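>>> Fold the stuff below for me.
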Amino acid sequence: MIGLIMAGGSGKRFWPLSRQQFPKQFLKITSDISMIEMTFNRLLARIEKKDIFVVTSENQVHLIKENIPEISDENIIIEPVGMNTAPAVALSMKYLAERYKGTEVVFVGGADYEIRDMTGFIDSLEPAEKASLQGNFVTFGVKPEYPATGYGYVEAGNKADFGFKVKNFKEKPDEATAAAFLKAGNYYWNSGMFMWKLDTILDAYSKYLPKVYSLIEDIGDVWKKKGYGADIAELYSKMPKIPVDIGIMEQVENRIVIPVDYGWSDVGGWKSLYEISEKDSFGNVLKCDSFNIDSSCNYVNSSKYVALLGVKNLVVVDTDDVLLIADIDKSENVKDIVSAFEKDAQKQRFV
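Numbering: from 1, shown residues only. Purely as a prediction, here's the structure:
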């Protein structure tokens, strides 16, 4: 089995800790090691080190090496321009196809997931591998713990050999729809983790995203002539900016969802981090020395001593140059602050 870790994101929803030069996957958010190191170590329990690859942007390569010093240079796939996951996966699959047989199975996942039950995760790879070897596209559907509006969903259909047929993929729902999904019992959170055979996924790109397939074929020609360090930015920048879920998984027919219940979270922002973190008797998560009077359900991360008085449902994140104070239920929209700052020359230093 081959493992591919997607690690090119900017982690805007974890601003101000996550920045362009040091994004979320390199933060020590839920452990004393970084998110990407946790992900790499998790895969090592099933996949050999030589078969684990990371796809990332050029400006993050040094961070990959710092966080995973045992990874070799040829196991780092460089995305010259950030284009979303369908192009990143296509580039990676082409890179892997140059090194492995088309019958090899590839597990694909992000660099920044929290999975509490390691044994459950490893166990889920076996039925996924069997389903993939039969030519299926496998996704891992997380049993929902609550009616989440921050995740997409996978609707499971009829029973299959190693899971369930995928009936539909659903975009992030509103609260009423999420509650209905939970009650129905056959909807799962879309984990963004997949498995397939190399030749199966490349055939799908050829059929459903022919422009992308044509471009990676051209990139393959460049690699053959000039080596893997060749400049492919011009070709790659022509890719459509679409996620692999929409570009491939929503198009193919032979889709299997493997239901899993191993304490998964994509730790997508401050609220989701608050939800999975250990809380005090007042429901606070306090990453600081603190004093509290009549304050509850807050997340505070600061190097300063913090005194709380009569406040509820706040996210407070203190860094050297920025102090974020937000309603915890609106904290996912912190990415809007980042987007606004990116357009303001005087504030770009905070991004």
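
>>> Tell me the strands beside the strand ranked longest in the chain, with direction?
When the chain is parsed with DSSP state E, its longest strand is strand 187-197. Counting by DSSP bridges, the strands paired with strand 187-197 are strand 105-110 (antiparallel), strand 137-142 (antiparallel), strand 153-160 (antiparallel).

>>> how about stretch 272-291: buried residues?
272-276, 284-286, 290 (16 or more other C-beta atoms under 10 Å). Heads up, the C-betas are built off the backbone N, CA and C, glycines and all.

>>> hey, where'd the strands end up in the stretch 51-200 of the chain?
All strands of the stretch 51-200 of the chain, identified by DSSP state E, counting those that start in this stretch, fall at 52-57, 76-79, 105-110, 114-115, 137-142, 153-160, 163-170, 187-197.

>>> The stretch 201-350 of the chain now?
Here the stretch 201-350 of the chain has its strands, by DSSP E, counting those that start in this stretch, at 255-260, 264-265, 285-287, 290-293, 299-301, 306-309, 314-318, 323-327.

>>> contacting residues around the last one?
What that stands for is strand 323-327. Contact with strand 323-327 is made by 15-16, 270, 313-318, 334, as judged by C-beta atoms under 8 Å, 6 or more residues apart in numbering.

>>> Then the third one?
The contact list for strand 285-287, computed with C-beta under 8 Å, 6+ apart, reads 273-274, 277-280, 292, 298-302, 306.

>>> if we can go back for a sec, what pLDDT, on average, does the longest strand of the chain get?
Mean per-residue pLDDT for strand 187-197: 96.

>>> before we move on, what about stretch 274-282?
In this model, stretch 274-282 has a mean pLDDT of 92.

>>> what do you get for stretch 243-258?
Throughout stretch 243-258, pLDDT has a mean value of 95.

>>> okay, how far is it across it, tip to tip?
Its start and end residues considered, stretch 243-258 measures 20 Å (C-alpha to C-alpha, to the nearest Å).

>>> related to what we said a few turns ago, pick the most deeply packed of the strands paired with strand 187-197.
Greatest average neighbour count among the strands paired with strand 187-197 goes to strand 137-142 (a mean of 26), per mean count of other C-beta atoms under 10 Å.

>>> so how far is that strand from its chain's centroid?
Distance of strand 137-142 from its chain centroid, counting by C-alpha atoms, centre = their mean, to the nearest Å, is 14 Å.

>>> picking that back up, can you tell me which of the contacts of strand 323-327 lies closest to residue 257?
Of all the contacts of strand 323-327, residue 257 sits closest to residue 270, with 28.8 Å by C-beta to C-beta.

>>> In this structure the closest one contacts residue 333, no?
No. Using C-beta atoms under 8 Å, residue 270 makes no contact with residue 333, being 10.5 Å away.

>>> Which residue of these two possesses the greater neighbour count?
Taking neighbours as other C-beta atoms under 10 Å, residue 270 and residue 333 compare with residue 270 leading, 25 against 13.

>>> picking up where we left off before, looking at the strands of the stretch 51-200 of the chain, which one has the lowest mean pLDDT?
strand 114-115 (a mean of 90).

>>> What strands line up against it, and which way round?
Applying DSSP bridges, strand 114-115 is found paired with strand 264-265 (antiparallel).

>>> And the average pLDDT for the strand it pairs with is what?
87.

>>> what are the ranges of the helices in the stretch 101-250 of the chain?
Under the criterion DSSP state H, counting those that start in this stretch, the stretch 101-250 of the chain contains helices at 118-133, 175-184, 198-208, 210-226, 233-236, 244.

>>> In a markdown table: those, plus distance to residue 57 and mean neighbour count.
As requested, those are exported to a markdown table (distance: least, C-beta to C-beta, whole Å; neighbours: other C-beta atoms under 10 Å):
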| stretch | distance to residue 57 | mean neighbour count |
| --- | --- | --- |
| helix 118-133 | 26 | 18 |
| helix 175-184 | 33 | 14 |
| helix 198-208 | 21 | 19 |
| helix 210-226 | 16 | 15 |
| helix 233-236 | 11 | 16 |
| helix 244 | 17 | 23 |
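
>>> Spit out the contact partners of residue 166.
139, 154-157, 249, 255-257.

>>> Excluding residues flanking it in the chain, which one is nearest residue 153?
Spatial nearest neighbour of residue 153, chain neighbours left out: residue 170 (4.2 Å); criterion: C-beta to C-beta, 6 or more residues apart in numbering.

>>> So that neighbour sits against residue 154, correct?
Yes. At 7.4 Å, residue 170 and residue 154 qualify as touching, with contact defined as C-beta under 8 Å.

>>> Between these two, which contacts overlap?
What both residue 170 and residue 154 touch, as defined by C-beta under 8 Å, 6+ apart, is the set residue 187.

>>> Who are the contact partners of the residue nearest the centre of the chain?
Nearest to the centroid of the C-alpha atoms of the chain, with distances taken as C-alpha atoms, centre = their mean, sits residue 110, at 3.3 Å. With contacts defined as C-beta under 8 Å, 6+ apart, the neighbours of residue 110 are 5-7, 9, 25, 39, 192-193, 266.

>>> isn't residue 25 right up against residue 14?
No. Using C-beta under 8 Å, residue 25 is not in contact with residue 14; the gap is 9.7 Å.
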